[in-house]
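Enquirer: Prediction below, plus the sequence it came from.
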Amino acid sequence: MASDNSPIPQDMLDAIIKTFMVAHVDDSDEHLAQALVFNAGRLAWRMRESGLTTETKTSVSDVVTAADRAAEKFIADVLRAFRPEDGLLGEEGTQQESTSGRTWVIDPVDGTYNFTIGSDYWCSALALVEGSPDNPDRVIFGAVHRPAMGQTWFGGPDIPTTLDGKPVQASTATTNETCLGGYLHPTDFANKDVATAWQSVVQEFATIRMFGSASVDLGSVAAGQLGCWMQRSVKSWDWLPGRALVEGAGGKAVQIEAQGTTWSIAGSTAAVEAASKKIQNP
């Protein structure tokens, strides 16, 4: 039976997983990834509509729900069955060692705080990489689905990025011509070095937006709607799906060590290079 925090009984979730597997048993990696994020996102959305209890992890803005866990189980169970030699790494605790050299990186609900307050700015995201997800030898592709808008991004360094099947292109704008997206936790402003570096980059851009879902943000960078994106201490599941999309759209994505932390920056080549210089020499 379902707990107070889970409006979906386990047997129902198992049935959903089995039904999906029957329909997608012969899918390629590319088609499977897109179908997984689409259905995981829709599952989480339906669960939210039924009512959810929110639990905190590290802070009031770092939260998790039964929908996160159910969507991750949906993706992980399918991949365990269909790609048993591949590794798995999920935000909500899924781990499986790889014997193939490949790992699927899962973010079942990216933007969970937004998700819990009724915002539509969240998604389900997935990446496939070779090597360690912490520093992959190769990023193969990323898939991101934003349920409220019905949008699915897909692409990678060797796969031209698409939004709902249509090719997209990252911006070529310089910093003063475009918008910077990203996030910095309020407590980070108490760290003088971090705050100074952040502010030095922000001042280079025409404007700034903070929305709260890294993968939706990076999908927007891939589609040219944001010129650049920057955040510190980004987890693999928040970085790799969107990094793949940006690179597949002709953009640039880098990680830089500075101020005792790792900054992830993605966007047009000109904007990324300018932001990188400011981060290292604020």
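Expert: That came through, no problem.

Enquirer: switch to C-alpha atoms for all contacts and neighbour counts from now on
Expert: OK.

Enquirer: pLDDT-wise, which helix or strand of the chain ranks last?
Expert: Every helix and strand in the chain was compared by mean pLDDT, DSSP states H and E; the lowest is strand 62-64, with a mean of 57.

Enquirer: Next secondary structure after that one?
Expert: Where DSSP states H and E defines the elements, the next helix or strand beyond strand 62-64 is helix 66-82.

Enquirer: hmm, who's touching that next one?
Expert: Contact partners of helix 66-82, identified using Cα atoms under 8 Å, 6 or more residues apart in numbering, comprise 5-6, 13, 17, 21, 25, 36-37, 40-41, 43-45, 47-48, 52-53, 86, 88, 90, 92, 94, 106-109, 112.

Enquirer: and the longest helix for the protein?
Expert: helix 29-50 (DSSP state H).

Enquirer: name the helices or strands packed onto that helix?
Expert: helix 66-82, strand 102-110, strand 123-130, strand 138-146, strand 151-156 (3 or more Cα pairs under 8 Å, 6 or more residues apart in numbering; DSSP states H and E).

Enquirer: Dump these into JSON lines; add distance to N281 as well.
Expert: Listed next are the helices and strands packed on helix 29-50 as JSON lines, based on distance: least, Cα to Cα, whole Å:
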{"stretch": "helix 66-82", "distance to N281": "39"}
{"stretch": "strand 102-110", "distance to N281": "31"}
{"stretch": "strand 123-130", "distance to N281": "32"}
{"stretch": "strand 138-146", "distance to N281": "29"}
{"stretch": "strand 151-156", "distance to N281": "31"}
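
Enquirer: Just send those back as JSON lines, with mean pLDDT too.
Expert: Formatted as JSON lines, these follow (pLDDT from 0 to 100):
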{"stretch": "helix 66-82", "mean pLDDT": "95"}
{"stretch": "strand 102-110", "mean pLDDT": "97"}
{"stretch": "strand 123-130", "mean pLDDT": "98"}
{"stretch": "strand 138-146", "mean pLDDT": "98"}
{"stretch": "strand 151-156", "mean pLDDT": "98"}
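
Enquirer: So for G182, which of these sits nearest?
Expert: strand 102-110 (13.6 Å; Cα to Cα).

Enquirer: Report the angle between that closest one and helix 66-82.
Expert: Counting by axes from the mean of the first three to the mean of the last three Cα atoms, to 10 degrees, strand 102-110 lies at 160 degrees to helix 66-82.

Enquirer: follow-up on the earlier one: got CSV for the helices and strands packed on helix 29-50, with distance to K252 and mean neighbour count too?
Expert: Converted to CSV, the helices and strands packed on helix 29-50 look like this (distance: least, Cα to Cα, whole Å; neighbours: other Cα atoms under 10 Å):
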stretch, distance to K252, mean neighbour count
helix 66-82, 28, 21
strand 102-110, 20, 28
strand 123-130, 17, 28
strand 138-146, 13, 27
strand 151-156, 12, 27
